Structure formats: structure tokens, C-alpha cells
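Student: After the sequence you'll find the predicted model.
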Amino acid sequence: MSANGNGGSAIGLIETVGLVGMIYGIDAMLKAASVELASEIIKVDGGILSVMIRGDVSSVRAAVEAGAEAVARVGKLQAAHVIPRPADVVVRAFTGGSGK
């Protein structure tokens, strides 16, 4: 498989300060579009948390937008980003599994 063997798939990430905002954001993402969690909640430093979702590009974009808006309503959004067609190694680095 090529370095970008994910075809039409994408990963989306949101990063928050605090757990309540993160939970609210995850809930909003999973309800907004047909996506799945691709990682557990990743604890960074200073109360910063991150999580990754995956799905098709348009679903991930919609989910990340919904999650970012939800977090901003109840907490502090640090960052939100979508990576279309991520390299398999990027997905494996954070999920510990297949890039598929």
C-alpha cells in the first residue's frame, strides 16, 4: 500500500483544555456524522487533551466542526484539524493499529 493508501478517508483531531469539554466534543462529533473514534483520549500536558476520529473526508469535516463548536460552548478549544488521506504511518503512530 502507498504512503497515502487511505483513499477517501480522513482523520480529525480536537484538542481541549479540560475533560468536560472533551467529552462534550466527542459526543457532538459522533452524533454529527458517521465517524468513529480512532484513539483514546490522549493526555498531553497542563490539562490539555486530544482525540482522533476517522471516516470519510466530508463526514470528518462535519464532525470536527460540530465538535469544535460544542467544546467552545462549554470549555476551551485549543485546536481542531482535519487531515484528508493521512499517511498510514501517521494513523498507526497514534492508534497503534492499521491505517485502514
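Tutor: Noted; the coordinates are in hand. Residues are numbered from 1 along each chain as shown.
Student: where does this protein dip in pLDDT?
Tutor: Under the criterion pLDDT under 70, the flagged ranges of the chain are 1-8, 96-100.
Student: Who are the packing partners of the longest helix along the chain?
Tutor: If you go by DSSP state H, the chain has its longest helix at helix 57-74. Secondary-structure packing of helix 57-74 (3 or more Cβ pairs under 8 Å, 6 or more residues apart in numbering; DSSP states H and E): strand 9-17, helix 19-32, strand 48-56, strand 76-84. Bear in mind the C-beta positions are built from the backbone N, C-alpha and C, glycine included.
Student: So which of the ones you listed is nearest Ala66?
Tutor: helix 19-32 (3.6 Å; Cβ to Cβ).
Student: What is the next helix or strand after the closest one packed up against?
Tutor: Following helix 19-32 in sequence order, the next helix or strand is strand 36-37 (DSSP states H and E). In terms of contact count using 3+ Cβ pairs under 8 Å, 6+ apart, strand 36-37 is assigned the packing partners helix 19-32, strand 48-56.
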